[in-house]
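> no FASTA, just this:
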């Protein structure tokens, strides 16, 4: 356990230092969402209707942006070799890395949501609903994205491949994340129905992600 | 403890690097792997480390610790030094000690042994190539592993650094450790030579 805790601490520390992934992701999220009202125009009703979708898209793209460094950085400097050789099971290591990535890059997105909700003319309930769906859904984005990151690790400039591999897997999360937010804002569906599916998607990816990532890392190392 | 390989065949990118390679090393012994560039020295170390799988033959360890696999009992000191530029020298070393586990050695002593004690708080980004190598060597001291797999270990080290590392390797062998080093330069310790590439 100390090994995993040490890994999580190290990854978070690196992400929070200058040039780390945490700030990049949240800045990108801010940029996308702040630009949206300018592009859509000053139609407040339209903004409210699009709000949850814009926030979700921003969060999805921001998490994709930083995911490719998840294993790439460790592969480039040789840390990944030592991690694979170590006594800690690779599946647990992958889960710990994804958790650290989510804490450093996913949580700031959720924390930024209330501020951005103001820009999109979302009231307090709607903002809370979006933040709650992001809290439930972003782990799924990280843990499925990790599979793509592990597959693309040995390729230079694997970022684009990562996006192509991961986007189809994130579509269900996006659909149910936005559906749950819309349900909370305007109905007619009950909030609980899409939200339960969103939670289920997260739980499934929590289980499958580490195993798939570990398997592709073992095969991909060269 | 005895590490041995028999009939090991290595294929990289569809090309045979070497085949029918036999080697063995026992506790307290150092094996210097030599050969021209591209003869497969690094590949051999990565095969032993379990990062590559041999196309043929086998590599095995007799008399190791309990249920641990060969890679779990080995340190790999490669070209890439596994250091994070954003973290300080001490943070880098502390991470590897905690992650690799085992006995807790005093980090300050490990850094002093490689002559980096004055730079403990410096971010690793500011280290010179030789200092980075010294910090990687400190990792071998911070977590104990009986088998050391070293890839050109003396690269970038100055003369005093080479002498320092030779002494550390000597200590490791005296403790019953085992060293397999791919090298061009003399290691500074008594080592049996394993030449690969020419015979094949």
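Structure received. Computed from a predicted model, the values in this text were never measured in an experiment.
> How about the contacts made by whichever residue of chain B sits closest to chain A?
Scanning chain B for proximity to chain A using C-beta to the nearest C-beta identifies residue B:80 as nearest, at 2.9 Å. In short, each C-beta sits where N, CA and C put it, glycine included. Contact partners of residue B:80, counting by C-beta atoms under 8 Å, 6 or more residues apart in numbering or on different chains, are A:76-78, A:81.
> Against chain B, which of those residues make the cut? List them.
Taking C-beta under 8 Å from any C-beta of the partner chain, the overlap between the contacts of residue B:80 and the neighbourhood of chain B is A:76-78, A:81.
> Let me know the pLDDT of the residue of chain A at minimum distance from chain B.
When scored by C-beta to the nearest C-beta, chain A has residue A:78 as its residue closest to chain B, at 2.9 Å. pLDDT, the model's per-residue confidence, is 88 for residue A:78.
> Skipping adjacent residues, who's closest to it in space?
Once flanking residues are discounted, residue A:78 sits nearest to residue B:80: 2.9 Å by C-beta to C-beta, 6 or more residues apart in numbering or on different chains.
> ok, residue 85 - contacts?
Picking chain A for this. Shown here is residue A:85, whose contacts under the criterion C-beta under 8 Å, 6+ apart are B:49-51, B:71-72, B:74, B:76.
> please go with chain B instead
Taking C-beta under 8 Å, 6+ apart, one finds B:123-125 in contact with residue B:85.
> at 10 Å instead, please
Taking C-beta atoms under 10 Å, 6 or more residues apart in numbering or on different chains as the contact definition, residue B:85 lies against A:14, A:17, A:19, A:77, B:92, B:123-127, B:132.
> Out of those residues, name the ones that lie in helices.
The helices in this structure, assigned by DSSP state H, contain A:14, B:92, B:132 from the contacts of residue B:85.
> And the contacts of residue A:85, which two are furthest apart?
With distances taken as C-beta to C-beta, the most widely separated pair in those is B:51 and B:72, at 12.8 Å.
> Helices along chain B, start to end?
For chain B, helices defined by DSSP H occupy the ranges B:41-48, B:89-100, B:107-113, B:129-142, B:159-174.
> which regions of the chain lie under the pLDDT threshold?
Going with chain A. Counting by pLDDT under 70, chain A has low-confidence residues at A:156-159, A:222.
> wrong one, I was asking about chain B
Answering for chain B: the residues below the bar, that is pLDDT under 70, span B:198-200.
> which helices and strands does the strand or helix carrying residue A:127 pack with?
Following DSSP states H and E, the helix or strand that holds residue A:127 is helix A:124-151. Using 3 or more C-beta pairs under 10 Å, 6 or more residues apart in numbering or on different chains; DSSP states H and E as the contact definition, the elements that helix A:124-151 packs against are helix A:44-67, helix A:69-76, helix A:90-101, helix A:107-119, helix A:159-186, helix A:192-220.
> I figured residue A:200 hits residue A:140, correct?
Yes. Residue A:200 is within contact range of residue A:140, at 9.3 Å (criterion: C-beta atoms under 10 Å).
> anything in contact with each of these two?
Going by C-beta under 10 Å, 6+ apart, residues that sit against residue A:200 and also against residue A:140 are A:172, A:176.
> the more surrounded of these two?
For the pair residue A:200 and residue A:140, the greater number of neighbours falls to residue A:140 (27 against 14), based on other C-beta atoms under 10 Å in any protein chain shown.
> from memory that one sits against residue A:175, does it?
No. The pair residue A:140 and residue A:175 does not pass the contact test of C-beta under 10 Å, sitting 11.7 Å apart.
> between those two, what contacts are shared?
Looking at what touches both residue A:140 and residue A:175 (by C-beta under 10 Å, 6+ apart), the common residues are A:198, A:201.
> How about the residues of chain A by chain B?
Within chain A, the residues that sit near chain B (C-beta under 10 Å from any C-beta of the partner chain) are A:2-7, A:9-11, A:13-20, A:73-88, A:93, A:218-219, A:221-222.
> picking that back up, quick one: buried residues of the helix holding residue A:127?
Neighbour-count burial for helix A:124-151, counted by 16 or more other C-beta atoms under 10 Å in any protein chain shown, picks out A:126-151.
> coming back round to it: buried ones only from the contacts of residue B:80, please, as a PyMOL command.
Selecting the buried subset of the contacts of residue B:80 in PyMOL, with 16+ other C-beta under 10 Å as the burial test, is done by:
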select buried, chain A and resi 77+78+81
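> Just flag the most distant two among the contacts of residue B:80.
Set against one another by C-beta to C-beta, the contacts of residue B:80 have their most distant pair in A:76 and A:81, with a gap of 11.0 Å.
> hmm, what's the outermost residue in chain B?
In chain B, residue B:14 marks the outermost C-alpha relative to the chain mean, sitting 26.6 Å out by C-alpha atoms, centre = their mean.
> got a list of what residue B:187 touches?
Under the criterion of C-beta under 10 Å, 6+ apart, the contact partners of residue B:187 comprise B:30, B:32, B:150, B:153-154, B:162, B:165-166, B:169, B:179, B:181.
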